[in-house]
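A.B. asks: pasting the sequence and the predicted coordinates here, then a few questions.
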Amino acid sequence: MGFPGTWMTESESVVYRVVPKCACSTIGQILYYSDHGTFFDGDIHDAQNGLHKWALEASQPIITANVKTRSAYAFTCVRNPYTRILSSFFDKICGIQRNGKRYRGNLVPLLIQKYGIEVGDAPDFEFDQIRSFRRFLLFARDTIRWRRPMEPDIHWSGMSGHVGTFIVNGGLYNKIVWTETFDEGMQQVLDNIQTRHPVDLSAIPRFNESEGHGPKRAHPVEDYFDDMSMHLIKEMYGRDFDLFKYDFDNPGNKLPIGEIDLDEVHAKLGD
């Protein structure tokens, strides 16, 4: 299976397991900058050079050799499951993608037909966000639990699944960064590696490639989650809350409530 979703600097200073919707655009640009002293011109997900990626065939043996010998510092980044699934909804379901079209072609029409969601239209995107989001949660649960009407999308499949593939295939994490305390966690990563170019996190812009292409969230996070919604969230992401120490009982608290135990993560996701 190898190491899907894994990126590594060309200098092999650091290995990063991408978790979608968890600051991956910003992290990718930081890694690129640390080697080249400049940012990639465009969406870092589109970069075909300047960064080793598992999706690039030529990079696979280089990444494999490094991860198997654990030569480089390895990390990933996670996010509160409540805000992550909300971000996925507004970006991938309601938003217009970089190519000017809806995400995955017929996905949104399918959701409108089968689940009764609304997504609104530019420029105002007027619709009942809470009602539509809760219906989207039913769809997300169906994909994760029963893999119908399609396989779960990487943007709302559980973070544990993404993080775990790296461990199962022989990788070992040195650090798991929380998106919510990004600068602090990313600084610890940078403090543990040798970069070709110094990185000043305070001067790094946030690269949010999905921003501005859809509706803005109109309500506080907690307003989107009633008892049934929280039940669905627990069903989908219970392991994520436990391993990455987020507060399931309070959707309005995006901050972690404990320290991540890397030994526990490796033990539970390494099966």
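C.D. replies: The structure has been received and is ready for your questions.
A.B. asks: below-threshold pLDDT in the stretch 51-200 of the chain: ranges please.
C.D. replies: For the stretch 51-200 of the chain, residues meeting the criterion pLDDT under 70 lie at 122-123.
A.B. asks: quick one: the strands in it?
C.D. replies: 51-53, 73-78, 175-178 (DSSP state E, counting those that start in this stretch).
A.B. asks: want to throw the ones you listed into TSV with mean neighbour count and distance to Pro109?
C.D. replies: Quick note: C-beta positions are derived from backbone N, CA and C, even for glycine. Shown next, in TSV, are the strands of the stretch 51-200 of the chain (neighbours: other Cβ atoms under 10 Å; distance: least, Cβ to Cβ, whole Å):
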stretch	mean neighbour count	distance to Pro109
strand 51-53	22	31
strand 73-78	23	32
strand 175-178	21	36
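A.B. asks: export those strands to a markdown table and tack on distance to Arg206?
C.D. replies: Listed next are these as a markdown table, based on distance: least, Cβ to Cβ, whole Å:
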| stretch | distance to Arg206 |
| --- | --- |
| strand 51-53 | 19 |
| strand 73-78 | 13 |
| strand 175-178 | 14 |
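A.B. asks: closest one to Lys234 among those strands?
C.D. replies: With Cβ to Cβ as the criterion, Lys234 lies closest to strand 73-78 of the strands of the stretch 51-200 of the chain, at 17.0 Å.
A.B. asks: report all helices and strands that the closest one contacts.
C.D. replies: Strand 73-78 sits against strand 14-17, helix 159-168, strand 175-178, helix 182-191, with contacts defined as 3 or more Cβ pairs under 8 Å, 6 or more residues apart in numbering; DSSP states H and E.
A.B. asks: show me what the first one is packed against.
C.D. replies: For strand 14-17, the packing partners by 3+ Cβ pairs under 8 Å, 6+ apart come out as strand 6-9, helix 24-36, helix 60-69, strand 73-78, helix 159-168.
A.B. asks: name every strand pairing with it and say which way it goes.
C.D. replies: In the sheet, strand 14-17 lines up against strand 6-9 (antiparallel), strand 73-78 (parallel) (DSSP bridges).
A.B. asks: for the third one, same thing?
C.D. replies: Paired with strand 175-178 in the same sheet, following DSSP bridges, are strand 73-78 (parallel).
A.B. asks: if I look at the residue lying closest to Gly37 once chain neighbours are set aside, how far off is Ser229?
C.D. replies: In space, and not counting its chain neighbours, Gly37 is closest to His197: 3.9 Å by Cβ to Cβ, 6 or more residues apart in numbering. Between His197 and Ser229 the distance, using Cβ to Cβ, to the nearest Å, works out to 44 Å.
A.B. asks: settle it for me: which of these two has more neighbours?
C.D. replies: Each of His197 and Ser229 has its neighbours counted (other Cβ atoms under 10 Å); Ser229 has more, 18 against 10.
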